[in-house]
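Participant: For reference, the sequence and a predicted model appear below.
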Amino acid sequence: MKNKELAAMFSEMADILEITGEVIFKVNAYRKASRVLDELLEDITRIHSEGKLHDLTGIGKAIAAKIEEYLATGDMRKFNEVKAMVPPSVVSLLEIQGLGPKTVGMAHKRLGVQSLDDLKRAIADGSLEKLPGMGAKKIGGIRRGIELFESGHKRVFLYDAICIADDIITQLKATFGNEIGRISPAGSTRRMRETVRDIDILVETDQGEAVVAAFTRLPLAKAVLAAGATKGSIVTASGVQVDLRAVPTASFGAAQQYFTGSKAHNVKLRGIARTHNFKINEYGIYEGERKLGGESEEDIYRILGLTWIPSELREDRGEIECAASGCLPQLIDYGEIKGDLHVHSNKSDGHLSIARMSEAAVKLGYQYLAICDHSKSAAYARGLSPEALLDSIAEIKALNEKFSNFRILAGTEVDILSDGNLDYDDELLAQLDFVVASIHSAFTQNPTGRIIKAIENPHVDMIGHLSGRLLGKRDGYAVDYERIFEAARQTNTLIEINAQPMRFDLDDIHARRAAESGIKLAIISDAHDAVQLQYMKTGIGIARRAWLTKQDVLNTAPVEQILS
DNA sequence: GCCGTTTTCGGCCCGACTGTTTTCAGTCG
């Protein structure tokens, strides 16, 4: 699909044009177009051939013409023109904290800076400091930004972000006790995005200065970027930036709404506010000087004529329209999972025995746990021979004697081999309670056909990590989602939402599409030890981002329904 | 460059923090 290519092109043009000083609204129009293309599920080629380019919001006459040109010729004159203005090595300087388009543009134009090395030289020989608006402190900030950049300031996995936020919240609560009220993550952590760049935390307090000061003195703070009366900013030892904002009670809800975003969601909300002659900021919602609300998030949405929108939905993907017409779904809740349908034991590449994994699941209040160790061809993961699998089945049967309100399901994560056959024969698979089939090799060899063949095997209950992607490491294999969803629908086969922090596979967008296609999903941890069972929480977050309800997710059901 | 239930022209979210200024610009979220 050309969608991603075009999205990247418009995004790159936006960056370059901003550096060269193009009017910001044009830059933002390109950014918006990039985002729309990036999130589009339908093939842009098809939309174009149906003459529906103009139906997309953010795609007007000029951008549509550029898309058209690219689809027809494989080239875009405007893109080439823009690209020639500034080399990519300059554009990448924007990733440095504290260095924005104005400074990059000025360094490029006035000093001929072409790369990171040039920039360092301009700092070292003092020429950067001589430019207008530059001083010793600003240069110091850019230096720090370069250090951070070179030490690999990447996005962190959602699960890690939540752990860091929880840790900070616990410590601040312990220090301040009743002096602080509500305290919670905001930003992309609260929206449960699969990765997070910075962690935002909001705290309800009148002691802003003291709380911010304590925050910047926490043991995990390696560097302090800012410390004011309402905002503090640190970098942790692991290189993650954490922002804390101190907010008084009367505006906590407004601040929560504001800092949770997303940006696109807030922009649209502000647009609605404007049509009512209201103004929203982080302190509240106002009509002229008169404050209408702001202590709770519900205030803001209610006054705009909307029902409260769960944070995971706030991406401007139709949630505001639904909140206006009252058609928001009843999202699956964090307490509704009754069991995990894909975990490993130390029989294959897990770290704990089946018994220990089961005890951990019981502690979480689960009613069932499917042990799905790897199959014989997965040598790297110590896959089970047929005999070893039979031993497992016997062991599980014996263990189940001890439980009254809990059941271990005998399962497997069977490899889908390169020819599309499964790694165990049907006779063996028939003896299992739950069968997950996954691709672990030969990623380029007709993955769609192999997955569909697996789906058509009557013993297969669920397809594991459908795309095989690893965030930050490897793109998914090229699967035809629509064909696979159709096959799964016809055979009542589940597709999993794998909650491993670097997988989230299906991702939110495809999980939503799957549910719309009439498929049931399961959220599973793919845990290899007891702690990893906790990944379920972020998996539910992704499911909520996908607009899934309890009915869309099979493992909200009791065990009888799983086995039926 | 996009968009329209006040608009086909004139808007386009908005404020904190910081540093370099002496009233503001850049960056960030």
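Facilitator: Cool, the structure landed.

Participant: Report the closest residue of the stretch 151-300 of chain A relative to DNA strand B.
Facilitator: As assessed by Cβ to the nearest atom of the strand, DNA strand B sits closest to A:Gly228 within the stretch 151-300 of chain A, at 2.9 Å. For glycine as for every other residue, the C-beta is placed from the backbone atoms N, C-alpha and C.

Participant: Need the nearest residue in space to that residue, chain neighbours excluded.
Facilitator: For A:Gly228, ignoring the flanking residues on the chain, the nearest one in space by Cβ to Cβ, 6 or more residues apart in numbering is A:Val212 at 6.8 Å.

Participant: The helix or strand encompassing the one you found - contacts with which helices or strands?
Facilitator: Under the assignment given by DSSP states H and E, the secondary-structure element containing A:Val212 is helix A:208-216. Of the remaining helices and strands, those touching helix A:208-216 by 3 or more Cβ pairs under 8 Å, 6 or more residues apart in numbering; DSSP states H and E are helix A:158-176, strand A:221-227, strand A:231-236, strand A:241-247.

Participant: Would you indicate which residues of that helix are buried?
Facilitator: Of the residues in helix A:208-216, A:208, A:210-212, A:214-216 count as buried by neighbour count, 16 or more other Cβ atoms under 10 Å.

Participant: Grab the nearest non-local neighbour of whichever residue of chain A sits closest to DNA strand B.
Facilitator: In chain A, the residue found nearest to DNA strand B is A:Gly135; the distance is 1.7 Å by Cβ to the nearest atom of the strand. Nearest residue to A:Gly135, sequence neighbours excluded (Cβ to Cβ, 6+ apart): A:Glu129, at 7.0 Å.

Participant: Check A:Gln207 too.
Facilitator: A:Glu179 (5.6 Å).

Participant: Over to A:His342?
Facilitator: Leaving out its chain neighbours, A:His342 is closest to A:Ile524 (Cβ to Cβ, 6+ apart), at 3.7 Å.

Participant: For that neighbour, the count of nearby residues, please.
Facilitator: Applying other Cβ atoms under 10 Å, we find 28 other residues in the vicinity of A:Ile524.

Participant: I'd guessed A:Leu220 sits against A:Val240; true?
Facilitator: No. Taking Cβ atoms under 8 Å as the contact criterion, A:Leu220 and A:Val240 are not neighbours in contact, 9.2 Å apart.

Participant: Between the two, which has more neighbouring residues?
Facilitator: Taking neighbours as other Cβ under 10 Å, A:Leu220 and A:Val240 compare with A:Val240 leading, 21 against 15.

Participant: Now for A:Leu220 and A:Val240: what residues contact both?
Facilitator: Common contact partners of A:Leu220 and A:Val240 (Cβ atoms under 8 Å, 6 or more residues apart in numbering): A:Ile164.

Participant: before we move on, the earlier item: wait, the residue nearest to A:His342 sits on A:Leu341?
Facilitator: Yes. In this structure A:Ile524 lies within contact range of A:Leu341 using Cβ under 8 Å: 5.0 Å.

Participant: hmm, back to that, what residues are bridge-paired with the residue nearest to A:His342?
Facilitator: In this structure, A:Ile524 has the following beta-bridge partners (DSSP bridges): A:Asn498.

Participant: From A:Met536, how far off is it?
Facilitator: To A:Met536, A:Ile524 is 8 Å away according to Cβ to Cβ, to the nearest Å.

Participant: shared neighbours of the two, anything?
Facilitator: Where contact means Cβ under 8 Å, 6+ apart, the residues bridging A:Ile524 and A:Met536 through contact with each are A:340, A:499.

Participant: about what we covered before: surely the residue nearest to A:Gly228 touches A:Leu244?
Facilitator: Yes. Because the distance of 6.2 Å satisfies Cβ under 8 Å, A:Val212 is recorded as touching A:Leu244.

Participant: Need the overlap of contacts for the two.
Facilitator: Shared between the contact lists of A:Val212 and A:Leu244 (criterion: Cβ under 8 Å, 6+ apart) are residues A:231-232.

Participant: residue boundaries of the strands in the stretch 251-400 of chain A?
Facilitator: Per DSSP state E, counting those that start in this stretch, the stretch 251-400 of chain A carries strands over the ranges A:278-281, A:284-287, A:290-293, A:339-343, A:368-374.

Participant: Same list, those strands, but as TSV with mean neighbour count and distance to DNA strand B please.
Facilitator: Formatted as TSV, the entries for those read as follows, by neighbours: other Cβ atoms under 10 Å; distance: least, Cβ to the nearest atom of the strand, whole Å:
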stretch	mean neighbour count	distance to DNA strand B
strand A:278-281	17	4
strand A:284-287	20	8
strand A:290-293	15	12
strand A:339-343	27	34
strand A:368-374	28	38
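
Participant: can you put these in JSON lines and add mean pLDDT and distance to A:Ser34?
Facilitator: JSON lines is the format used below for these (pLDDT from 0 to 100; distance: least, Cβ to Cβ, whole Å):
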{"stretch": "strand A:278-281", "mean pLDDT": "86", "distance to A:Ser34": "26"}
{"stretch": "strand A:284-287", "mean pLDDT": "88", "distance to A:Ser34": "30"}
{"stretch": "strand A:290-293", "mean pLDDT": "88", "distance to A:Ser34": "34"}
{"stretch": "strand A:339-343", "mean pLDDT": "98", "distance to A:Ser34": "35"}
{"stretch": "strand A:368-374", "mean pLDDT": "97", "distance to A:Ser34": "39"}
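
Participant: To A:Ser325, which of these lies closest?
Facilitator: The minimum distance between A:Ser325 and the strands of the stretch 251-400 of chain A falls on strand A:278-281, with 19.8 Å, by Cβ to Cβ.

Participant: Give me the contacts around that closest one.
Facilitator: Under the criterion Cβ under 8 Å, 6+ apart, external residues in contact with strand A:278-281 comprise A:254, A:257-258, A:269-270, A:273, A:285-287, A:292, A:300, A:303-304.

Participant: swap in stretch A:71-84?
Facilitator: Against stretch A:71-84 from outside (Cβ under 8 Å, 6+ apart): A:2, A:9, A:12-13, A:16-17, A:44-45, A:48, A:66, A:69-70.

Participant: out of these, which are buried?
Facilitator: Buried members of the contacts of stretch A:71-84, counted by 16+ other Cβ under 10 Å: A:2, A:9, A:12-13, A:16-17, A:44, A:48, A:66, A:70.

Participant: Now the two most distant members of those residues.
Facilitator: Using Cβ to Cβ, those span at most 24.8 Å, a distance reached by A:Ile16 and A:His48.

Participant: burial of A:Gly140, as a residue count?
Facilitator: If you count neighbours by other Cβ under 10 Å, A:Gly140 ends up with 12.

Participant: Which secondary structure element is home to it?
Facilitator: Assessed by DSSP H and E, A:Gly140 sits inside helix A:136-150.

Participant: May I have that helix exported as PDB, CA atoms only?
Facilitator: Listed next in PDB are the C-alpha coordinates belonging to helix A:136-150 (Å, rounded to 0.1, in the frame of the first residue of the first chain):
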ATOM      1  CA  ALA A 136      25.100  30.500  27.100                       C
ATOM      2  CA  LYS A 137      22.100  28.800  28.700                       C
ATOM      3  CA  LYS A 138      20.400  28.000  25.500                       C
ATOM      4  CA  ILE A 139      23.600  26.500  24.100                       C
ATOM      5  CA  GLY A 140      23.900  24.400  27.300                       C
ATOM      6  CA  GLY A 141      20.400  23.100  26.800                       C
ATOM      7  CA  ILE A 142      21.100  22.100  23.200                       C
ATOM      8  CA  ARG A 143      24.300  20.400  24.400                       C
ATOM      9  CA  ARG A 144      22.200  18.400  26.900                       C
ATOM     10  CA  GLY A 145      19.800  17.600  24.200                       C
ATOM     11  CA  ILE A 146      22.600  16.300  22.000                       C
ATOM     12  CA  GLU A 147      23.800  14.000  24.800                       C
ATOM     13  CA  LEU A 148      20.300  12.600  25.300                       C
ATOM     14  CA  PHE A 149      20.000  12.200  21.500                       C
ATOM     15  CA  GLU A 150      23.300  10.300  21.300                       C
END
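
Participant: mind checking how far it is from the chain centre?
Facilitator: Here helix A:136-150 is found 28 Å from its chain centre; the criterion is Cα atoms, centre = their mean, to the nearest Å.
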